[in-house]
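In: Task: produce atomic coordinates for the following.
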Amino acid sequence: MIKEWIFNFLDKAEFKNSEGKNQSISEQRNIKMSIYYKELALYTAITLIASAISKCEIKTYKNNKAVKEEDYYKLNISPNINQNSSQFWHKVIEIMCYKGESVAFEIKDNLFCADSFHSDDYALLGNRYVGIVVDDYQFNKTFKSEEVFLFKLENIRLKQLIDGLYEDYGKLLAHAMETFKRSNSRKYKIMFDEIQAGDEDFNKLFEDVIRENLKTFIENDNAIYPQFKGQNLEEFQQKSDVKDSTDIIRIRKDIFELIGQVFKIPVSMMLGNITNMNEIVKVFLTFCIDPIADMISEELTRKMYGYEGWKNGCYIKVDTSVINHIDVLDIADKADKLISSGTCCIDEVREIIDFEALDTLFSKTHFITKNYDTMENRLKGEEEI
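Out: Okay, the predicted model is just below:
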């Protein structure tokens, strides 16, 4: 009697999922891979936002004039003894994007971002923040609302919304990956001579020796299978409808587009296919970065200076104009126009193009060409003027 056993070794082992249903190891592997793609898309979006914010110059003003004093140094250079400003703001943005909100606070002239915290909400008295943890150190202090900087997205449940929207995509991606694997996998059948069904000795031999040898043979690139007398190992004929990775690539692309839409990031920037850089960056700054920069500016201003300070011209402004790369030769004519129209002095233009200010009376003077004048003066004529 001849018996045939057809085994798919990756699907042999089973376990229960959260719903109590059996899932194979390969199915679980595909689900984990689909989660990986979602996290990769989230990481891409958050890194773009965090890198943009950390590149901004956070300007401090007193009496409506920009100054570079202690607050400027803390916000732009060294917020605390362990981090520089880029690392600090990266952490603030990452936690805010993942959790919907992040908290920063000052302790002994150091500005820290909390890794985790709990808030007790009080509408009239102001919220209280407890259980604040920074680098595995928990502060045994209750922080009042006015003692912390709360950086909050417009929708605090953004991460939950992404998880909900992604659920169907995750199932589709897992199914596409499973179909691709099954379609392109190599399958074998092994035939034995004169083996009786239910033979306990054979079953033990198969589990301990033959099945393990088959698994090693199939899973390794270079392997030898010891074929015993009375055995015949054959490969199934390759199917004609072999699947390619198009479905997986398409679903993965959809996931990146979905995350990009949620964070208002241009799709081409999420996918890395940027052709018209200037236009894409403008859209990114306008709809994604500027609202976050405004929120940070307002929160820093109201907590650091309050109403009285703001009324006297003390405020914070996150300058997003420095994000876009500027080529001096490309904007030479525009720089000339800014000076000749009297809009900017030479030092102000030099700061825009990241040159050192000359800090002279000449470089601080505003110039204007004769082309700019009032209509009344032009009608009078040059001599009469």
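In: wait, is residue 119 part of a helix?
Out: No. The assignment for residue 119, made by DSSP: H, G, I helix; E, B strand; the rest coil, is strand rather than a helix.
In: That one touches residue 131, doesn't it?
Out: No. Between residue 119 and residue 131 there is no contact, the gap being 9.3 Å when judged by C-beta atoms under 8 Å. C-beta: built from backbone N, CA, C; applies to glycine.
In: the more surrounded of the two?
Out: Taking neighbours as other C-beta atoms under 10 Å, residue 119 and residue 131 compare with residue 119 leading, 17 against 14.
In: Tell me the predicted confidence for the more buried one.
Out: Residue 119 carries a pLDDT value of 91.
In: who's it bridged to?
Out: When assigned by DSSP bridges, residue 119 has beta-bridge partners residue 129.
In: got a list of what it touches?
Out: Applying C-beta atoms under 8 Å, 6 or more residues apart in numbering to residue 119 gives the contacts 127-130.
In: same question, residue 316
Out: Taking C-beta under 8 Å, 6+ apart, one finds 58-61, 71, 75, 297, 300-301, 304-305 in contact with residue 316.
In: In strands only, show me these.
Out: When the contacts of residue 316 are checked against strands using DSSP state E, the ones located there are 58-61.
In: Kindly reformat the residues you listed as CSV containing pLDDT.
Out: Listed next are the ones in strands among the contacts of residue 316 as CSV, based on pLDDT from 0 to 100:
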residue, pLDDT
58, 96
59, 94
60, 96
61, 95
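In: who wins for most neighbours among these?
Out: The most crowded member of these, judged by other C-beta under 10 Å, is residue 60 (23 neighbours).
In: can I assume it is in contact with residue 74?
Out: No. Contact status for residue 60 versus residue 74: not in contact, 9.3 Å apart, counting by C-beta under 8 Å.
In: Spatially nearest residue to residue 320 (excluding sequence neighbours)?
Out: On the basis of C-beta to C-beta, 6 or more residues apart in numbering, the spatially nearest residue to residue 320 that is not a chain neighbour turns out to be residue 293, at 5.0 Å.
In: Out of the ones in strands among the contacts of residue 316, the closest to residue 288 would be?
Out: Relative to residue 288, the closest of these is residue 58; by C-beta to C-beta it sits at 17.9 Å.
In: is the closest one in a bridge, and if so with what?
Out: When bridges are called by DSSP bridges, residue 58 pairs up with residue 318.
In: and what of the one 4 residues further on?
Out: Note on residue 62: beta-bridge partners by DSSP bridges are residue 65.
In: check contacts around it.
Out: Applying C-beta under 8 Å, 6+ apart, one finds that residue 62 lies in contact with 69, 313-314.
In: Poorly predicted segments of the stretch 101-250 of the chain, please.
Out: Filtered on pLDDT under 70, the stretch 101-250 of the chain yields the residue ranges 155-199, 201-211, 218-249.
In: one step back: if we take the contacts of residue 316, which one ends up nearest to residue 374?
Out: For the contacts of residue 316, the minimum distance to residue 374 (C-beta to C-beta) is 31.9 Å, reached by residue 61.
In: can you give me phi and psi for the nearest residue to the closest one once chain neighbours are set aside?
Out: Once flanking residues are discounted, residue 61 sits nearest to residue 315: 5.2 Å by C-beta to C-beta, 6+ apart. When read as degrees, to the nearest 10, the backbone of residue 315 gives phi -160, psi 170.
In: Residue 315: neighbour count?
Out: A total of 20 residues lie near residue 315 under the criterion other C-beta under 10 Å.
In: if I look at it, how far off is residue 306?
Out: Per C-beta to C-beta, to the nearest Å, residue 315 is found 11 Å from residue 306.
In: Same question for residue 82.
Out: Using C-beta to C-beta, we find residue 82 at a distance of 28 Å from residue 306.
In: Wasn't residue 291 part of a helix?
Out: Yes. Assessed with three-state DSSP, residue 291 lies in a helix.
In: per-residue pLDDT, it?
Out: We have a pLDDT of 93 for residue 291.
In: which residues of the stretch 201-350 of the chain fall in strands?
Out: Using DSSP state E, counting those that start in this stretch, the strands found in the stretch 201-350 of the chain span residues 231-235, 315-319.
In: and the angle from the last one to strand 57-62?
Out: Using axes from the mean of the first three to the mean of the last three C-alpha atoms, to 10 degrees, one finds that strand 315-319 and strand 57-62 are set 160 degrees apart in direction.
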